[in-house]
Structure formats: structure tokens, C-alpha cells
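>>> Sequence and predicted structure below; questions after.
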Amino acid sequence: MIKGFKEFIMRGNVIDLAVAVVIGAAFTAIINALVEGFINPLIGVIFQLGDLSGWVWVVPTLSGSSSNFLVGGIVNAIINFLAVAAIVYFVFVYPMNKWKERQAARAGVTEAEEEKLPTEQELLMQIRDLLEKQERPQL
């Protein structure tokens, strides 16, 4: 049982995942600091809010009181998500894809050399031919 667990943990995928989680957590802290310390105040200056968290939509209720919708919090979450997604793509995903393409080119494998799959029309023609052979009487 312990041997199986050790083999599971020592696989490359599990270790890569652990590293990715740690780096992702640290990276998220950096992005949050950037958004909260720079982008939110900049948006606050543009919309004269002072701070993005001050962007509140006040809606009167049926009982005569009011309900506050914290629009600034939603915008803040969207900005955080877009910033993290863009930076992860351009810093990690895009360079890794380019690196894999270069490695494949060095190995002599190109997309044109890969086995070409038959088109839908070719498959239908093959099926038709097989059905015609089955319908003919055998002599």
C-alpha cells in the first residue's frame, strides 16, 4: 500500500501539479496586489470613485429601505481574473506551446507528415462499397 502511494506521488504529473499549485498561489498574490494597488485606484480616478470598492448601486426595496449592490467588488473580481488569465497565457502557455513546436520540428515531425485521416465523404464511399459487396450474391 505504501509502495503504491510512493509510486503515485513520484509520478511526474503529481509533482508538476504540486509545483503549479504553489506557483499559482504566489502568482495570485502578486496579481491581487497589482490590481488592488494600481488598477483599482486608476479606475477610481477615471470614474471619480476614489476607490473601486466604493462603486455601489443602491436600489430601493418594496418596503421603503434600500439594497446595496457592490458593483466594485464584481468589477474587481473580473479584473483579477482577466489579469491572471492573460499573464498565465502569455508567460507560461504561449512560450510552452512554442517550445513544444520547436521540439517537434527538431525531431522531424511536422503536422503535414502526420497520418491523414480520411474525410467524411471518403468514409461514406468506403461504407457504400462494403455494403454493395455484402448485397451481391456469392457464386
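That came in fine, so what should we check first?
>>> Val58 falls within a helix, correct?
No: going by DSSP: H, G, I helix; E, B strand; the rest coil, the assignment for Val58 is strand, not a helix.
>>> Leaving aside the residues adjacent along the chain, what's closest to it?
Nearest residue to Val58 in three dimensions, chain neighbours excluded: Ser66, at 5.1 Å (Cβ to Cβ, 6 or more residues apart in numbering). C-betas here are computed from N, CA, C, even on glycine.
>>> any idea how far Gly50 is from that neighbour?
21 Å (Cβ to Cβ, to the nearest Å).
>>> related to what we said a few turns ago, I'd say the residue nearest to Val58 and Trp57 touch.
No: in this structure, Ser66 is not within contact of Trp57 by Cβ atoms under 8 Å, at 10.1 Å.
>>> continuing past the helix or strand harbouring Ala104, what's the next helix or strand?
If you go by DSSP states H and E, Ala104 is part of helix 94-106. Downstream of helix 94-106, the first helix or strand assigned by DSSP H and E is helix 120-135.
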